[in-house]
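Engineer: how does the following fold in three dimensions:
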Amino acid sequence: MRRIAVKTLATAGTGLIAVCAGCVGAGRGVATQQAAVTASPTTQNQAADSILPEINLRQVSLTAELSGDALPTTSDPRAQITHAAMALQGPVLSDTLPMADETVPPIAPAAMPLDLGSALEMAAGQNPQVTFARQRIREASAQLQAANALWLPSLRAGVNYNKHEGRLQDVEGVVNDVSRGSLYSGFGAQAVGAGSPAVPGLVMNFHTRDAIFQPRIAERSLAARQQASQAVIQDLLTETAVAYINLLEAQQLRAISRETTVNLQALTDLTASFATSGAGLRSDADRTRTELLIQEVEDVRADENVQLASARLAQLLSYDPTVEFIPQEPSLAPLEMISPDRPLADLIATGLSNRPELAESGFLVGAAVERLRRERYAPLVPSVLLGVSYGWNGGGVGGNLDNFGDRVDADAVAWWEIRNLGFGEQAARESARAQVSQARAQQIRVMDQIASEVVQGHAQLRLRQRQIEIAQNGIGSANDSYRRNAERIRNGQGLPIESLQSVQALGAAQRQYARVVADYNRAQFTLTRSLGWPVSALAAP
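Structural biologist: Numbers count the residues shown, from 1 in each chain. Modelled structure (predicted):
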């Protein structure tokens, strides 16, 4: 198993984490090598040469064509079989699975090379989910600024004209017919009669409890939004990494499928030659032909899976879905960002310390507690109204507007309130207590969820590592089976049809290995997400 070093990048404000994952060459045997990841083709090609340590993977290459040579005109079937079997030279030795870049047609204009690190950076930089999360942070930040500004007055300026005709009662109760007009302009507005302007020029009107507690609530709400944004980014990075692995798996399976088709084509030609010469059965030729046609359907299905995986990745990257991404890794290889041997208790502690969801729930509990405090102190702190106006005011009888001069008004008001004879206060406090209990219950639920996800991810990692070892052994057994069948045919003890099962078994073993490696790599990223993408946990113990 190879280990890779995972490079994490933290972007200010969003905690952007980009992981550049790739494989570097590792020697055979038990020893492992940890190296920095690069995206250079040279390093990737070196990695492809040592994907299966301690497994000398033999690729079946049935190239048993007769190269135009006619079978000997002999009546001895044994001699005919022996001669034909000499064309079956045995499997071509190889240390890797089929290279995806060797079986995929040349890159078309609508294709784009891509590596995992670039995919993660693109996803975190231009995905609409990330943009939405960032705008939520901006909204919470603006709310915090508004809360901190509750102590500051507002400024107003305006002009008003008032005209009255008809009866008007004075302060002594006398009703008179009045015809008057007045004009006011300056710092404030709506100055009519003896009262202060209805719209003061400098005004402060707020509940003191809001000015004290609302900034605290807004601070915790902003911190919760920031943690929620981190969770969105981490989810997106994980989805993108999994989608990239899915694409790489689809391309690897396509390479295996095409190689199997080549092998079956060669076997079909050989069995047909045996049947034509009388050394084999026509039913054998029909059977291999049927298997070849079935395999060709699998080739088309493999092409479909590659295109679907590429389109899904393009969706996460907010990229043109008509472009087919070409992974730069030549073949699937096990990644090791987190060792399956790490103690489970340490991983759970890491997850509880780093998951942004748990931090978010903690800040939400704090905000709920501050709301409860606000309701407790609400009857004890007054509401405040301060107003100062200065302007130019004048008027007269009828339609005359004269006698203008300066006018200054100042008002200061403070009042206390017990809502609804105290029943409203009690209801507000009970509601705030319930919100605190809900936030704490949610926090406990998140803790349980994190622990469960870490345990599940760790179990998947360990068991899928075991699956890789079994799948490697399966490839070796498939090669041994083919080699023995080939030897029997060369010795005139069997027919080419006997190699059909070996060809199918090798293809199945290769597909199984590709799938379990992809599952293992997906489990690596899933467990990394469960831990909150911590830098310390991505290093080998």
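Engineer: now the helix or strand hosting Ala414: average pLDDT?
Structural biologist: For Ala414, the element it lies in under DSSP states H and E is strand 402-415. Mean pLDDT, strand 402-415: 84.
Engineer: in that strand, what counts as buried?
Structural biologist: Within strand 402-415, the residues that count as buried by 16 or more other C-beta atoms under 10 Å are Arg407, Asp409. Where C-beta positions appear, they are placed from N, C-alpha and C, glycine not excepted.
Engineer: which strands and helices lie in contact with that strand?
Structural biologist: strand 175-189, strand 383-397 (3 or more C-beta pairs under 8 Å, 6 or more residues apart in numbering; DSSP states H and E).
Engineer: quick one, which of these is nearest to Asn246?
Structural biologist: Closest to Asn246 of these is strand 383-397 (C-beta to C-beta; 59.4 Å).
Engineer: elements contacting that closest one?
Structural biologist: strand 175-189, strand 199-200, strand 202-207, strand 402-415.
Engineer: let's have those in TSV, adding distance to Gly424.
Structural biologist: Converted to TSV, these look like this (distance: least, C-beta to C-beta, whole Å):
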stretch	distance to Gly424
strand 175-189	34
strand 199-200	29
strand 202-207	14
strand 402-415	16
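Engineer: and the pLDDT for Ala5?
Structural biologist: 32.
Engineer: how near is Ala149 to Gly201?
Structural biologist: Counting by C-beta to C-beta, to the nearest Å, the separation of Ala149 from Gly201 is 18 Å.
Engineer: pick out whichever of the two has more residues nearby.
Structural biologist: Per other C-beta atoms under 10 Å, whichever of Ala149 and Gly201 has more neighbours is Gly201, with 22 against 13.
Engineer: same list (the helices and strands packed on strand 402-415) but as a markdown table, adding mean neighbour count and distance to Phe213.
Structural biologist: Output for the helices and strands packed on strand 402-415, formatted as a markdown table (neighbours: other C-beta atoms under 10 Å; distance: least, C-beta to C-beta, whole Å):
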| stretch | mean neighbour count | distance to Phe213 |
| --- | --- | --- |
| strand 175-189 | 17 | 30 |
| strand 383-397 | 18 | 14 |
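Engineer: would JSON lines of those with distance to Thr350 and mean pLDDT be doable?
Structural biologist: Shown next, in JSON lines, are these (distance: least, C-beta to C-beta, whole Å; pLDDT from 0 to 100):
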{"stretch": "strand 175-189", "distance to Thr350": "60", "mean pLDDT": "81"}
{"stretch": "strand 383-397", "distance to Thr350": "48", "mean pLDDT": "83"}
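Engineer: go through the ones you listed and name the closest to Val232.
Structural biologist: Of all the helices and strands packed on strand 402-415, strand 383-397 comes closest under C-beta to C-beta, at 39.0 Å.
Engineer: all the helices of the stretch 51-200 of the chain, residue numbers only.
Structural biologist: Assigned by DSSP state H, counting those that start in this stretch, the helices in the stretch 51-200 of the chain fall at 77-85, 100-103, 116-126, 128-148.
Engineer: and these: which comes nearest Ser229?
Structural biologist: Closest to Ser229 of the helices of the stretch 51-200 of the chain is helix 128-148 (C-beta to C-beta; 3.9 Å).
Engineer: the strands in the protein, which residues?
Structural biologist: Taking DSSP state E, the strands of the chain run over residues 3-4, 34-35, 58-59, 92-93, 111-114, 154-155, 158-169, 175-189, 199-200, 202-207, 324-327, 383-397, 402-415.
Engineer: tell me the angle the last one makes with strand 202-207.
Structural biologist: With axes from the mean of the first three to the mean of the last three C-alpha atoms, to 10 degrees as the criterion, the two stretches strand 402-415 and strand 202-207 enclose an angle of 20 degrees.
Engineer: who does the closest residue to Leu248 other than its chain neighbours bridge with?
Structural biologist: Distances taken as C-beta to C-beta, 6 or more residues apart in numbering place Pro327 nearest to Leu248, at 4.6 Å, with adjacent residues excluded. Note on Pro327: beta-bridge partners Leu114, judged by DSSP bridges.
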